[in-house]
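In: structure for the following, please:
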Amino acid sequence: MKALRDVFGETLVALGKTNPNILVLDADLANSTKADKFAVEHPDKFLEMGIAEQNFVGVAVGLASLGFVPWLSSFTVFFTHRAVDPIRMLVAQTHANVKIGAAYAGLLTGLTGKTHQDVEDLAIMRAMPGMTVLAPADEFEGEAMIRWATEFAGPVYLRLARDASPPVFDSDYAFTPGKTYHLREGYDLLLISTGPQSVRCVEAAERLAEQGISAGVLHVPSIKPVKTEEIVTACEPVPIIFTVEEHNVFGGLGGLVAEILAEHLPKLMIRFGIEDRWGESAPNDFLLDQFQLSGPRLSERIVNRLRVAKS
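Out: Modelled structure (predicted):
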């Protein structure tokens with residue numbers, strides 16, 4: 001089990017040996033994002049830009065115009081808030097071939113402080129025209145996405161959690177943009193999730209099975225683009241849909257699924273996530289329980305919601 005930040009550094013190291021155009025630009029966080037692995041192996045392709053996130057986005061766009069493939073490395077919150085204007089104006093609007101490695105994404109960065117948590121990023125990036133938005137569940141999907149994004153011509157936003165999560169895929173995994181994945185079949189309800197939260201949904205589904213509730217789990221790694229027909233098909237057989245995300249309930253995966261179902265398959269849907277509040281500075285396990293996103297708490301929450309639906 002490998003942390004996504006280690007996957008980020010190690011995959012770029014490997015790609016740097018075969019692709020002469022790859023560059024990594026860091027905003028003074030390489031030891032945290034593990035871009036320092038690339039710096040050690042490819043010092044001539046690594047640019048330390050300092051704490052100047054807006055500036056390094058502009059530099060990356062210039063390098064992309066010369067034929068390089070720049071990967072940007074920093075914390076998610078600095079991309080989606082401090083540098084969002086140059087990303088919008090210089091990257092997305094020009095369709096620049098810039099890749100955004102958004103580390104420390106989501107709720108589970110409590111030990112870096114509440115200020116460094118970003119649970120609004122999917123909403124911001126999903127609404128940005130021309131931006132591809134990806135969220136890997138585990139190390140195998142993370143590596144496959146990095147390799148795909150490097151070859152893809154255009155801007156990519158890659159949401160990377162800090163820590164490791166149990167794998168749901170294996171080394172044969174091949175990423176296809178827009179594709180969804182059934183991690184578990186079920187007929188009473190369907191959990192739709194993204195990123196490492198999908199792993200916790202599998203755990204919740206296993207706990208629900210012990211109580212006689214059959215829960216399917218659909219993993220959506222590609223927030224944008226997404227195959228609408230796959231989500232509709234997955235939702236058709238079940239009476240109730242739960243979206244679960246380590247993100248604000250507004251604008252993220254839940255918003256995406258709600259939009260699709262409203263247009264193609266109106267039915268009962270419940271959004272679980274961060275209930276429109278800020279995070280907290282605390283250890284990860286505490287935060288998962290506090291926000292009811294751990295496997296045990298999530299299963300309890302679903303059971304309670306089903307009781308309400310039946311009453």
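In: tell me which residue is most central in this protein.
Out: Ala135 (2.5 Å; CA atoms, centre = their mean).
In: report the contact partners of that one.
Out: 105, 122, 158-159, 194-195, 221, 223 (CB atoms under 8 Å, 6 or more residues apart in numbering). Yep, even glycine has a C-beta here, placed from its N, CA and C like the rest.
In: quick check, nearest of these to Thr11?
Out: Using CB to CB, Leu158 is the member of the contacts of Ala135 that lies nearest Thr11, at 10.8 Å.
In: for that closest one, give its distance to Met269.
Out: According to CB to CB, to the nearest Å, Leu158 stands 27 Å off from Met269.
In: try Leu253
Out: 12 Å.
In: Gly58 too?
Out: Distance, Gly58 to Met269, using CB to CB: 41 Å.
In: what's the answer for Met131, then?
Out: Met131 is 25 Å from Met269, by CB to CB.
In: just the pLDDT at Lys310, thanks.
Out: On pLDDT, Lys310 comes in at 69.
In: out of the contacts of Ala135, who has the most neighbours?
Out: Leu122 (32 neighbours; other CB atoms under 10 Å).
In: and Gln33, what does it touch?
Out: Rather than Gln, residue 33 is Thr. 5, 8-9, 26, 73-75, 101, 103-104.
In: can I get those in JSON lines with distance to Glu48?
Out: Shown next, in JSON lines, are the contacts of Thr33 (distance: CB to CB, whole Å):
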{"residue": "Arg5", "distance to Glu48": "17"}
{"residue": "Phe8", "distance to Glu48": "16"}
{"residue": "Gly9", "distance to Glu48": "15"}
{"residue": "Asp26", "distance to Glu48": "5"}
{"residue": "Ser73", "distance to Glu48": "10"}
{"residue": "Ser74", "distance to Glu48": "12"}
{"residue": "Phe75", "distance to Glu48": "15"}
{"residue": "Gly101", "distance to Glu48": "15"}
{"residue": "Ala103", "distance to Glu48": "16"}
{"residue": "Tyr104", "distance to Glu48": "18"}
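In: quick check: closest non-adjacent residue to Pro237.
Out: Tyr187 (6.4 Å; CB to CB, 6 or more residues apart in numbering).
In: apologies, that question was intended for Gly251.
Out: Ala123 (2.6 Å).
In: ok so, going back, and the furthest pair within the contacts of Ala135?
Out: Across those (CB to CB), the longest gap, 13.5 Å, separates Ala105 and Pro221.
In: anything in contact with each of those two?
Out: 135, 195.
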